[in-house]
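Enquirer: Turn this into a structure:
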Amino acid sequence: MFTGLVTAVGRVKQIAGGDVCRITISSPYPAESIEPGASIAHDGVCLTVVSCAPEGSGSIFDLEVSPETLSKTTLGGWKTGDKVNLERALHIGDELGGHIVQGHVDGTGEVVGRLDEKGGWIRLAVKAPDTLSPFIACKGSITVNGVSLTVNKIDGHVFELMIIPRTAQVTSLGVLRQGVWVNLEVDVMARYVARLMEVGYAGVRSQGVLS
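Expert: Numbering: from 1, shown residues only. Presented below is the predicted three-dimensional model:
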């Protein structure tokens, strides 16, 4: 589980294709702090570290990525040198500063507009797929490339975000341009509300699930 508060930006160092793609990431995290099997969110995608070694004061670690993940996220389009937003898994007792993020990307959206405001603020417009639009609400939370953000407004399938200068500086969101695709994870609470409406609240009560 994650919070959507990016703690580092890594870079894609190597990509080796195959039935299971192996991706090598260079990160500022100390190598001694990463155990094989650790979960780290990469642009919002929860992946397992399979090996890790020191690289200067940071680390270099390997990931194994399934064809399903490559096809459902932006990872299939990664190239050597790309910046990647990183977040370590949440520990019990850590501050929940963003919102509850599972690292299970729901789909990808396209950046359809960018406006650079005074003071380093960035206004982004993202078009979500038809299947995700019903889960996105004005002033609700959404995760974009692993970053917890608040939806400013929504018009049809397009929603608007305001990126503060610090977020633009310490994540990869500052380099997003029109036409770029991003990973989206909707608020987990929206998923459960939608599921409850789908099965029907009355039907759930009649089965004794809710008393």
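Enquirer: quick one: low-confidence parts of this protein?
Expert: Along the chain, the model assigns pLDDT under 70 to residues 201-211.
Enquirer: What lies in contact with the helix ranked longest in it?
Expert: Secondary structure of the chain per DSSP state H: the longest helix is helix 188-199. For helix 188-199, the surrounding residues in contact (CB atoms under 8 Å, 6 or more residues apart in numbering) are 100-102, 134-137, 140, 204. All C-beta spots, glycine's among them, are computed from the backbone N, C-alpha and C.
Enquirer: Check stretch 24-39 too.
Expert: The contact list for stretch 24-39 (CB under 8 Å, 6+ apart) reads 8-16, 40, 42, 46-55, 57-63, 84, 86, 88-89, 103.
Enquirer: what comes up buried for the longest helix of the chain?
Expert: Using 16 or more other CB atoms under 10 Å as the test for burial, helix 188-199 gives 188, 190.
Enquirer: that older thread, which members of the contacts of stretch 24-39 are positioned in strands?
Expert: Assignment to strands by DSSP state E places the following of those there: 8-16, 40, 42, 46-55, 58-63, 84, 86, 88.
Enquirer: Just the buried ones out of those residues, please.
Expert: 8, 10, 12-13, 40, 42, 46-47, 49, 52, 59-63, 84, 86, 88.
Enquirer: Quick one: the strands in this structure, in order.
Expert: Per DSSP E, the chain carries strands over the ranges 8-16, 21-27, 39-42, 45-55, 58-65, 83-88, 107-116, 122-127, 141-144, 147-155, 158-163, 181-186.
Enquirer: Just give the strands next to the longest one in its sheet, each with its orientation.
Expert: Paired with strand 45-55 in the same sheet, following DSSP bridges, are strand 39-42 (antiparallel), strand 58-65 (antiparallel).
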